[in-house]
Structures are given as structure tokens and as C-alpha cells.
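Chemist: The following comprises the amino acid sequence and a computationally predicted model.
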Amino acid sequence: MADSAAELFGELAERGHDPLLEQVKGTMRFELVDDKRVDRWFLDVDNGDLAVSRKNRQADCTFRADKALFDGIARGDVNATAAVLRGAVAVEGDWTLLVMFQRLLPGPPAGRGRRRNGNNGRRT
Amino acid sequence: MSGDGLVKILDGNTFVVSDSRGDIEASLTDPTGLFSFDTRFLSEWVLTVNGQRLTPLSTDDLQYFETRFFLVPGTGTVYVDSKLSVIRSRAVGNGFHEELKILNHDEKPVDLTIRIDAGSDFADLFEVKDALKKKGSYSARVKDGRLVLGYQRDTFARATDISATAPARVDKKGLTFKARIAPQGEWSTDLDVVTALLGSGEKYDRPKFARPRGRQNMEANLERWLREAPALESEWDSLQQTYRRSLVDLAALRFSPPVTGYHSLPAAGLPWFMTMFGRDSIFTSLQALPFAPSLAATTLRALGDWQGTHLDDFRDEDPGRILHEMRYGELPAFEERPHSPYYGNADATPLYVVLLDEYERWTGDRRLVRDLEHEARAALNWIDEYADLMGNGYISYQRRNEETGLENQCWKDSWDSISYRNGRLAGFPRATCELQGYAYDAKLRGARLAREVWKDPEFAARLERQAAELKRRFNRDFWIEDDEYFALALDTDGKQVDALSSNIGHLLWSGIVDKSKAKAVARHLLGPHLYSGWGVRTLAEGEGRYNPIGYHVGTVWPFDNSFIAWGLRRYGFKEEAAQIASGILEAADFFDGRLPEAFGGYERTLTRYPVQYPTACSPQAWSTGTPLLLLRTMLGLEPVGDLLVVDPALPVGIGHVALLDIPGRWGRVDAFGRGRVSVGEKKRLRQAAQTASG
């Protein structure tokens, strides 16, 4: 099975910058639990500049969830806010970072909103 | 206490609704209980003394967050002859804190068994409204002398922790105390009920936070809030009372969602709407700008943080769209409801830009305008890219979530609100007229911000061109030539939905109305079909669906009227604005200064008093904000550059009015006015109002 988390973080590292996060500064720590293993990812946001790393450090917001669930979030299949509300994700620290992080995620697959130029969504 | 006999106290989105004894005995559909984050944490909380229920003597609403019940044992007797007094003092915090005190007035000692029965159904607010069945499992444990009630569905876990300071026998259904009280003596215990939302894998052990906000803290907070607001001086006592009531209720309606760093924004209404609503939070922030500008700043930041970025049909989300409603309970958590958050509204997005501009004009806070440049641009982009569902250059709405989404995405959101004169309902998508006004205003205000703050004159010029073009088309397409007013909406064929409604007043507020047409619009607003004598009806008398007690088809909404009054002033109709203001403020007098969400559209001369529309929600944020905006309108307060212009047009009979220390980019200034505008039968009717309320 594809490692959607790794794909997402790889893509974010490549993206390098996202204008949607230009007002955001902070470090997020992701702890993705896969049976006994814990996968750690760190995302630094510095006024829109994105840096991904796996090196342990202080974070402003920690996000802990099952790896399978996070893979779903990374693909856009699972809504992160709803997952937090049902306790499937533990969040510690600055919630605003989590809200901002969602801006980086792909949308749900079947979004069919109308857009005048016919291009549905940011990254389809 | 509210009219339904229930006692409600709250702090943020935690609130307690009980009967007048302080007891809670909820069924799934019954709205009493301790609620927090849209979940009921206590559905049973019943006090007995020696097996007997109690009888209330009186209830003291001390503050919006605390209340005191004076009780005696026994029920059903004609008169009370008790040797015991029971006092329950309750304050909401993170859960609630209750001080239970029993006084023995006898010359002999007394032995008592005091029992609190406690339980919780952990119902989601949506379940309380719709009577739905629960899918998870319940638990009750006694741990270290505390009772811990729990609910678990998959990873979703909630707990209620109940403890007492006096020695108690705790079982899974409550707490029992044995007490011997000496003659003229007393016994007391403190009870703490703490709510807990548990994250992934968290086992509930003990409450993380007990009583985070002490009563004194909350009192000091309320005092500071009142001190920071401008002071009102008026010869009309009723206006003073209404003003104070509005400020206190607005304090109660403050809500700090988890992302705002403990800053507050106005929630929509108490108790069922203590959450972030795009439309309600924006309208209320606009109304309160001259009085409490910090609410607008938080509203703009929080709604900006949650601005839509994806196309999500379940949530009716588009990039740039401002949210409609956020909820934290079980149903949104399992995506059985879309409120995580839900985006289905067509007005909050342009109104977001309107608020941002108005906020800057009052406060001069350009930093926030710079910080939110991206959000404001995305909102403006939404108007053109995502909201024009019919491709005709107008905002219209149609839900994509057909199961649990909202059908009507304008403020008149009931099923029958958008009709033709003959009563036929319009199909979807619907382009209601006020949405076009908001879009016009947003473009012009966005242009000002682009030019002055974002330093993007090209963007500003483009927005101004679009606005001018929109205004031209709108005045052609929506104008009903024969009757001289604007249609309520355009339908899917581009035909006019021709009912006469209060929406035309919002058009004045937005400035989209051609000068040559404004007089006719004002005449309709104050004419016999729309104006009841108290205010402007949502739908004109004589229209097919008119019903004086129909939610959006004939009732008078104070909030609606406050924006209509603002609109009338914008076009120079000072007397008409003063008339609206005086009618609504006189109505407020009948409700002890707390305007309801809506009242009946009956002719004033027919009922003599405003008939309240039955609703479970009071105070309602934008009704609370109404007297504030009316004060602004009557005093003609308008920021111009770094100055505040004051141009009063007050109704005769209101006497002298002074509003002192109005905060803004000018520091603090005072405004004075005297009632000089004649609004008809004012004197006689005010007399009637005083008699009825006295």
C-alpha cells in the first residue's frame, strides 16, 4: 500500500512555499502510530515557507494519530477536523496550526462545486 | 429567568438549563441539562432531602453565569411551614460549581439524608433537537470518592466528574450525605461537576481543569467589559435600561473558540446557538463596532482561519467561502451532520469584507487588514468564481449537500421565505436581492482596502469597475417598474420573484440602490404594508404568504430593522431612520430591554404591545446588538478619516442623549444629541408603553 503520509510530506517539501500560510509561523510535530512503530514528521512553517524534517525538536503543536487514519487525511479521504472531534486525533498545543495545516491538504475526491472557468478546485 | 420557567446560566459554550428548583430531569427531547461543546454532560441532577423533592421560594439571577435557588422541602402544599431552608448557589465554569447549604431554623437538632441523583445521556445538541438514538455505550464508576459518568463511541469519549467536599456515600447513580444539624445551625457542601472531552487513547483519570474561572474572576471580567464600553446618558430611562441590558447580554454571548487564543467573538444566541456562526457573528460585530470593537477583530481572525480552501460537497465548502456554523458534538464528529464546520451560506463571505473595511474605518487597525489580505481577496474571489451559480453575474445559492445541508442560505433561512407575490415558492438556485447588495458593498470596500492598505491600485480599479457594472445591472434587473421596489430575488429563469419584503432595506444599507429609486424604497419601508408601527415586517402585509406570526414571512426582526435604519441614514432619510429606531426601542421597553429575535407583525394600533414570537433562544446576539446600532444610527456616528462625525437625528420625546467615550482611531470622543425629529404618535404611545411595563 502506498505511504500517503510520506507522499504528502514529500510533496510539501517540494512545494516549499504556500501563499495560504503566509501569516503562519510555527512547528508541527506529527506522531503517526503504526502498531508499535511511531513515525515522526516535523513541518516548519515560516510565513508560508514549508520545511519538512524527521529530526526531533520542540513543536508548537503535536498531532498524534494512527498511521492509517493519517494516510486517509493525507489523501483527502478523511476530514481532519471531524477526526479531531471524534478523538481519533490527539492535538496538543496551538490549534491554529492544525487549522492552517488543513489548508495544505487535498480536498475530498468528489467535490463538484461550480467554478466559472470549469476548473474544480485547487489541485485537481 | 426566561419566560418558559427554565433557569439558564452560561459561560462560553458551557451552560446549564434547569427548572426553578435547580433540578435537571431531561428526556431525549427535553432541553434541560448541563451542556458543553454541544454535548449534554448531565441529564439528571435532582436534589432530595429525606426523600422529598423541594419547592422553590425564589430564584436570584445574580449574573449570567450564576444563580441562586431558595428552596424548602416538600411539594404540593398550599402554604409552606418549614423549619428548614435550602440554598443552592450555582456558577458555570468548566462544568459547574454548586454550593448547597441547609439551615435549621428549629430549636431542636435535625437528622437529614440529602441525596443528589445524577446521570447523563451525553446527547448531542442535534439529538436533543431531533430526538435521535445513541450509538455508543455508557459507563458509571466510583473512583476516589467521585462519581465518573462516561460515554464512548469508537474513539469519541466524554466524561462527567462529580465530587463533593463534605463526606458522601457515592454510588453509580449519585451522592448521599448524612447530616445532623444543630438548632439554628447549618450544613453545607460544595459540589463540582467537571466536563471532559477526551482525546485519542486518553483514559479518564481525574479532571484536568477544575473551576478554571473563579466566580470573582468572571465578575471582574464583566465589570471591565462594562467599564470599557461608552457610557450612555439619557433622559429616557427605558433607553438606559435597554443599553445596559444589551451590554451585559453581549458579554454573556461572548465565546472563545479553541483557535482564537482566548479572545472572544459573539456567538449567535443562548442557549442553543453558543457557537461560531459566520453571518450572526459578523452582523453582531458590525452592530457593536462603536462600543466593543474587539469583537470584530476576533470574528475576522477566527472566520479567516476557518475560511474554506477546498471543494467539499458534504460541507458545501468552496475556496474562499466563510463558514456558516461550527459544532463540536458527536454527530459532526462522525460526519452525520456537516458542521465541522459547515459552509452553506451565501452572505457571510461578502459580509466578511464589509466588516473588515468597517472595522478599519473605526479602529485604524491596518495591521489586521494586512494580515487578512489573503482571506479578503479569497472572499472577493469567491463572489465571482464560486457564487455565480447561474452564470448571470449574481450571487445565488443551492446546496450540494441535499441530505443535511441548508436549503435557504440567506438570513431568511426558513423553507417558505422566498416567494412570489402570489405565494408560489421560487425554485433553486435563488439569487436573493440583498446578496447582490452585499457583493456590491464588498467590492467597493475591498477596493478601498486594496488602494489604501494593500497598495494594489489595479485590483482596486477592477473591483470598482465590477461594482459599478453590478449596480447598473441590478437596478435594471431587480427593479419592479410598476410598483417601484426591488424584487426579493431572481429565479432560475432570471425572472423577478416579486414579493415586497424587508430585504429592500438592506439594499439601502449596501448602497446599491440608484439615488433616483431610493425615495420610493424608503416610502415602501415606512408604508402601511411593510411598517407595522413597531418596525418593518419581513414580508409585506398583502403578499400571498404574509402571516404576522410567520417566522420570516411577516414578523418584525429587530436586527433587520437596525440595518434598515442604517440604510435609510446612508441615503439621507434621517426622519425615517429615527422612526424605525424609536419603534424598535419602544418595543424593547416591553421586554425589559431585551429584544427578542422577532415579534409579531400585527399592526401596532391593533395589539398595543409587541407580541413575542415563540422561540427557545434568548438573548439572540443580533437582537442584542440592535439597540447599539440604532444608537449609532440616531446619533449619526460616522468615521471620516481620523475623525468621528456626529450628526444626530433623534426622535422627539427621547430628550437629551449623550454617548461618552466612544472608542476608535480618534482615541475616545463624546457624542451628544437632542430629540428633534417628529415621528408621529410618539408621545401617546410611549405613555402606553410605560403603563404596560409598570
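Modeler: It's in. Residues are numbered from 1 along each chain as shown, chains lettered A, B, ... in the order given.
Chemist: what's across from B:Gln612 in the sheet?
Modeler: B:Phe599 (DSSP bridges).
Chemist: ok, it touching B:Leu595?
Modeler: No - counting by C-beta atoms under 8 Å, B:Leu595 is not a contact partner of B:Gln612; they are 9.7 Å apart. No exception for glycine: its C-beta is placed from N, CA and C like everyone else's.
Chemist: So those two - more neighbours on which side?
Modeler: The residue with more neighbours, out of B:Gln612 and B:Leu595, is B:Leu595; 34 against 19, by other C-beta atoms under 10 Å in any protein chain shown.
Chemist: so which strand or helix has the residue sitting nearest the centre point of chain A?
Modeler: Central residue of chain A (C-alpha atoms, centre = their mean): A:Phe101, 5.1 Å from the mean position. In the assignment (DSSP states H and E), A:Phe101 maps to helix A:95-102.
Chemist: Quick one: mean pLDDT for that helix?
Modeler: For helix A:95-102, mean pLDDT is 92.
Chemist: what's it in contact with?
Modeler: A:20-21, A:24, A:26, A:28, A:43, A:45, A:60-61, A:63, A:80-81, A:84, A:91, B:258-259, B:261, B:305-306, B:309 (C-beta atoms under 8 Å, 6 or more residues apart in numbering or on different chains).
Chemist: can you rerun that using 10 Å?
Modeler: For helix A:95-102, the external contacting residues (C-beta atoms under 10 Å, 6 or more residues apart in numbering or on different chains) are A:12, A:18, A:20-21, A:23-28, A:30, A:43, A:45, A:59-63, A:73, A:79-81, A:84, A:89, A:91, A:94, B:257-261, B:301-302, B:305-307, B:309-310.
Chemist: which residues of the stretch 201-350 of chain B score low on pLDDT?
Modeler: In the predicted model of the stretch 201-350 of chain B, residues B:201-216, B:258-262, B:271 satisfy pLDDT under 70.
Chemist: So which residues of chain A form strands?
Modeler: For chain A, the strands defined by DSSP state E cover A:25-34, A:37-46, A:49-53, A:61-66, A:89-93.
Chemist: and the angle from the fourth one to helix A:95-102?
Modeler: So that's strand A:61-66. Following axes from the mean of the first three to the mean of the last three C-alpha atoms, to 10 degrees, one obtains 60 degrees for the angle between strand A:61-66 and helix A:95-102.
Chemist: Using PDB, write out every CA atom in strand A:61-66.
Modeler: Written as PDB, here are the backbone C-alpha positions of strand A:61-66 (Å, rounded to 0.1, in the frame of the first residue of the first chain):
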ATOM      1  CA  CYS A  61       1.500  21.700  18.000                       C
ATOM      2  CA  THR A  62       1.600  18.000  18.300                       C
ATOM      3  CA  PHE A  63      -0.700  15.800  16.200                       C
ATOM      4  CA  ARG A  64      -0.900  12.200  17.100                       C
ATOM      5  CA  ALA A  65      -3.000   9.600  15.300                       C
ATOM      6  CA  ASP A  66      -3.000   6.100  13.700                       C
END
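Chemist: got the angle between that strand and strand A:37-46?
Modeler: Between strand A:61-66 and strand A:37-46, the angle comes out at 150 degrees (the same axes, to 10 degrees).
Chemist: List the contacts of B:Pro73.
Modeler: Applying C-beta under 10 Å, 6+ apart, the residues near B:Pro73 are B:47-55, B:80, B:82-86, B:102, B:112.
Chemist: buried subset of these?
Modeler: B:47-49, B:54-55, B:82, B:84-86, B:102, B:112 (16 or more other C-beta atoms under 10 Å in any protein chain shown).
Chemist: For chain A, state which of those is nearest.
Modeler: Closest to chain A out of those is B:Leu47 (32.7 Å), distances taken as C-beta to the nearest C-beta.
Chemist: Okay, and the beta partners of the nearest residue to the closest one once chain neighbours are set aside?
Modeler: Of all residues not flanking B:Leu47 in the chain, B:Ile116 sits nearest, at 5.7 Å (C-beta to C-beta, 6 or more residues apart in numbering or on different chains). Counting by DSSP bridges, B:Ile116 is bridged to B:Leu47, B:Leu175.
Chemist: With just CA atoms, put stretch B:445-456 into CSV.
Modeler: Once non-C-alpha atoms are left out, stretch B:445-456 reads as follows in CSV (Å, rounded to 0.1, in the frame of the first residue of the first chain):
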residue,chain,number,x,y,z
ARG,B,445,-14.9,48.4,0.4
GLY,B,446,-12.4,45.8,-0.9
ALA,B,447,-11.3,48.4,-3.4
ARG,B,448,-10.7,51.0,-0.7
LEU,B,449,-8.6,48.4,1.3
ALA,B,450,-6.7,47.4,-1.9
ARG,B,451,-5.9,51.0,-2.7
GLU,B,452,-5.1,52.3,0.8
VAL,B,453,-3.6,49.3,2.6
TRP,B,454,-2.6,46.6,0.2
LYS,B,455,-1.2,49.2,-2.3
ASP,B,456,-2.8,47.5,-5.3
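Chemist: and it with chain A, contact?
Modeler: No - on the criterion C-beta under 10 Å from any C-beta of the partner chain, stretch B:445-456 is out of touch with chain A, staying 12.9 Å away.
Chemist: check contacts around B:Asn221.
Modeler: B:Asn221 touches B:65, B:213, B:251, B:254, B:264, counting by C-beta under 10 Å, 6+ apart.
Chemist: ok now stretch B:89-96, how far from the chain's centre?
Modeler: 22 Å (C-alpha atoms, centre = their mean, to the nearest Å).
Chemist: Include distance to B:Asp498 and mean neighbour count when you put the strands of chain A into JSON lines, please.
Modeler: Shown next, in JSON lines, are those (distance: least, C-beta to C-beta, whole Å; neighbours: other C-beta atoms under 10 Å in any protein chain shown):
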{"stretch": "strand A:25-34", "distance to B:Asp498": "53", "mean neighbour count": "18"}
{"stretch": "strand A:37-46", "distance to B:Asp498": "52", "mean neighbour count": "16"}
{"stretch": "strand A:49-53", "distance to B:Asp498": "53", "mean neighbour count": "16"}
{"stretch": "strand A:61-66", "distance to B:Asp498": "53", "mean neighbour count": "21"}
{"stretch": "strand A:89-93", "distance to B:Asp498": "51", "mean neighbour count": "18"}
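Chemist: mean pLDDT lowest for which of those strands?
Modeler: Among these, strand A:89-93 scores lowest, at a mean of 88.
Chemist: on that earlier part again, for burial, what's the neighbour tally of the residue nearest to B:Leu47?
Modeler: 25.
Chemist: Quick one: residues contacting it.
Modeler: So B:Ile116 contacts B:23, B:44-48, B:98, B:100, B:147, B:162, B:164, B:168, B:170, B:173-177, B:189, B:191, B:193 (C-beta under 10 Å, 6+ apart).
Chemist: Same check on B:Arg21?
Modeler: Contacts for B:Arg21 were tallied using C-beta under 10 Å, 6+ apart; they are B:7, B:46-47, B:53-56, B:59, B:69, B:71, B:75, B:86, B:88.
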